[in-house]
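*Asks:* what follows is a predicted protein model with its sequence.
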Amino acid sequence: MLVAVSGCTVGTPRIDGVPGTAPTPSTPWTVPAAARTPPPPPEPPLAPAASAALEADSATAGGARDLSLIDVVDLALRNNPATRDSWETAVAAVDQYGASRGSLYPNVNGNVTLSRSMSATGTTSTGLPAGQTGDSLTNGGTRTTSVVSTTRTQFAPSVSLSYLILDLGGRAGTIETAKQQAIAANLAHNATVQNVVLQVESALFSFLATRALRDAQLTAVDEARADTAASEARLRVGVGTLEEVLQTRTALAQARVQLATLEGNLLAARGTLAVAMGLRANARFVIPNIETSGSVATVAASVDTLINRSIVARPELAQSRAEAAALAAQIRVARSAGYPALTLSSTGGYTRALQGTGTNGRNYSLVLGLQIPIFNGFAREYDVRAARAQYEAGLARVESTLQQITLQVFTSYAVVQTSTQRVGAASDLLTSAQQSSDVALGRYREGVGTIVDVLLARSALATARAEVIQASWEWRTALAQLAHDTGSLDVAGRPNVPLGAP
């Protein structure tokens, strides 16, 4: 029976009815109901300015089929070493929890000894002639010595059993500590998954924004090239001046310099995205254009609702609570060291003599022990005080984490609001700049405007295009940050923030 039990496959322990770890490094762990943070009580609403509506992008990221947003996030979760690190750490913590539960069962050990021994015994006798004393041995006396050797071989298998019957909280505290540490490690893995999703999504948005700026600058270079050609044509027919040609050539050179800068920025953003996906910086991949509409949508939730959601959904807060619970269990462990402990031990064996003389037969023992700690230099009292202090420090970290989470949500909420307003302002700026450029170019072609007006309008148009691109992608990054801070950013990169009508 013991051989059969020892040969059984050990599975992953379950924690409160759910699997001990996530199935793969790229998936989050299912949090058991007992480890979830309860929702906070309703709070009074904030000022109208603080609870104003948040606008968000209602369009779903799409584009070419080469590598979509979901594909990029999936690659990051599978290849990023941070997710593998956190997952393996959680697996180790769960296995340690399983090992701690071994104290609930008796320890059974087998022992087999094979011994061979030899002993030698000798006797001596002395013979004396008649009339001679034994004070000295003279001629005529004899001494006889005999040696007897005994060889013995014994075979002795034995089995020992030990079991801790009662220790008044020490064993239960150790198991609870390991359990809460396993829960904390799994929640840390969930936080790592969300951080990786945000990291790769931010890197992707930065790359796409930089590429859109590069493409817009290509348009600006084409426009500057057309303006230069127009000024040179006017000079050839005698209606233009050399000054106009030089001004347009200067504008074209400036546009090319800006284009070269954006090309370098695009290369750097590509390397950052590759590393965020868990690849090398020089990896080869194709990111298609992710088409998004310019519309935004209001968030159908106040900042108070989002903060309350973050308190329930953020794994960092639940992790800090689990770590505090592990420290609370350590108080039980430290306190139990001063209480008596009841143990049971048993040994059974059989000894058989294979050669020579020896004892054959069975032997066993059964011992019931009571360990009573009396005095150890006040070490146990100091251990209990240290455990209590560490638990209070853990509670302080829980409160600090809660405050940091609420600050993050409130800040990201404000950033999204600002980004939304910037998108609207940039759109109006682009409309005005485009109209101004068209008017200036038309007046120049009719001969009633100057090239300076055209160049100023072109510069304003290029700036407006860049503002629209930056505002749009920065808004999407801010929305992803808000979803992360509220715990609503899923493994597909979708910001599951409640949205209203576009």
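*Replies:* Looks like it arrived, so ask away.

*Asks:* how about the helices in the stretch 51-200 of the chain?
*Replies:* Assigned by DSSP state H, counting those that start in this stretch, the stretch 51-200 of the chain shows helices spanning 69-79, 81-100, 170-236.

*Asks:* nearest to Pro25, of those?
*Replies:* Among the helices of the stretch 51-200 of the chain, the nearest to Pro25 by CB to CB is helix 81-100 (3.8 Å). In short, each C-beta sits where N, CA and C put it, glycine included.

*Asks:* where does pLDDT dip in the stretch 301-450 of the chain?
*Replies:* In the predicted model of the stretch 301-450 of the chain, residues 355-359 satisfy pLDDT under 70.

*Asks:* for the longest strand along the chain, name the packing helices and strands.
*Replies:* Criterion DSSP state E: the longest strand present in the chain is strand 142-166. Under the contact definition 3 or more CB pairs under 8 Å, 6 or more residues apart in numbering; DSSP states H and E, strand 142-166 sits against strand 107-127, strand 341-355.

*Asks:* and those as TSV, adding mean neighbour count?
*Replies:* Shown next, in TSV, are the helices and strands packed on strand 142-166 (neighbours: other CB atoms under 10 Å):
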stretch	mean neighbour count
strand 107-127	10
strand 341-355	15
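
*Asks:* out of these, which gets nearest to Thr418?
*Replies:* Proximity to Thr418, assessed across the helices and strands packed on strand 142-166 by CB to CB, is greatest for strand 341-355 (62.7 Å).

*Asks:* what packs against that closest one?
*Replies:* Short answer (3+ CB pairs under 8 Å, 6+ apart): strand 341-355 packs on strand 142-166, strand 361-371.

*Asks:* which is the next helix or strand following the last one?
*Replies:* Sequence-wise, the next helix or strand downstream of strand 361-371 (DSSP states H and E) is helix 379-446.

*Asks:* and the residue nearest the centre of the chain, how far from Ser412?
*Replies:* Nearest to the mean C-alpha position of the chain, counting by CA atoms, centre = their mean, stands Thr192 at 3.0 Å. Separation of Thr192 from Ser412 (CB to CB, to the nearest Å) stands at 19 Å.

*Asks:* cool, and Trp473?
*Replies:* Here Trp473 is placed at a distance of 16 Å from Ser412 (CB to CB).

*Asks:* what do you get for Leu429?
*Replies:* 25 Å.

*Asks:* out of those two, which sits in the busier spot?
*Replies:* Each of Leu429 and Ser412 has its neighbours counted (other CB atoms under 10 Å); Ser412 has more, 23 against 19.

*Asks:* isn't the more buried one up against Asp485?
*Replies:* Yes. At 4.8 Å, Ser412 counts as touching Asp485 under the criterion of CB atoms under 8 Å.

*Asks:* pretty sure the residue nearest to the centre of the chain is touching Ser86, no?
*Replies:* Yes. Contact criterion CB under 8 Å: Thr192 and Ser86 qualify, at 4.0 Å.

*Asks:* what residue ranges in the stretch 1-150 of the chain score low on pLDDT?
*Replies:* Of all residues in the stretch 1-150 of the chain, those with pLDDT under 70 make up the ranges 1-10, 39-66, 121-148.
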